[in-house]
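Q: Model the following, please.
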Amino acid sequence: MGLIDGDAFALPMAIQVDVIEARIDASERAIKAMKEAMANDVETHILLVSVEAGGCSGHMYDMQIIKRPEDISSFQSFVFDGITVMVHDKDSSTLNGIVLDYKDTLLGGGFQIENPNADKSCGCGQSFG
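A: Predicted structure coming up:
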């Protein structure tokens, strides 16, 4: 077990990130879709936009409607026509300048994120690097 018998193990690493005052925007289509998705939960829930490791380009966007956090000290909030969108401070530099959009196609609709910080992105619009 451990390093003595040659088995390796991993420990979590602390990664320092730059926290900036982010700026995000949302298209009218995205705001309409958020309102429809949140319906009567606008007062109690928020849309959380975050970045996760993975995807074919290195990072993936994650969007979740969650109950409004009690401790918002490590989040940045943006309000679009009564809809609160939050970004965690750890993702602020990566998500700074994004535009939330909603595309409705023959194969279905979905949110897309335009990110000026992405060096590359996947055709699906959900992965970037």
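Q: how many other residues sit next to N115?
A: Using other C-beta atoms under 10 Å, N115 has 20 neighbouring residues. (Each C-beta comes from the backbone N, C-alpha and C, glycine too.)
Q: Chain neighbours aside, what residue packs nearest to it?
A: I98 (5.0 Å; C-beta to C-beta, 6 or more residues apart in numbering).
Q: Quick check: which ranges of the chain have low pLDDT?
A: Across the chain, the ranges flagged by pLDDT under 70 are 1-16, 54-57, 119-129.
Q: now the helices for this structure?
A: Using DSSP state H, the helices of the chain run over 28-38, 92-95.
Q: The ones you listed: which one's closest to S77?
A: Of all these, helix 92-95 sits nearest to S77, with 11.8 Å by C-beta to C-beta.
Q: about what we covered before: could you identify which of the helices of the chain is most buried?
A: Of these, the one with the most neighbours on average (mean count of other C-beta atoms under 10 Å) is helix 92-95, at a mean of 20.
Q: Now tell me what touches it from outside.
A: Helix 92-95 has contacts (C-beta atoms under 8 Å, 6 or more residues apart in numbering) with 17-22, 24, 49-51, 59, 76, 87, 115, 117.
Q: and what of stretch 21-29?
A: 34, 49, 76, 78, 80, 85, 87, 92-93, 95-104.
Q: mind running it again at 10 Å?
A: Residues from elsewhere that reach stretch 21-29, judged by C-beta atoms under 10 Å, 6 or more residues apart in numbering: 32-34, 47, 49, 76, 78, 80-81, 83, 85, 87-89, 91-104, 109, 111-115.
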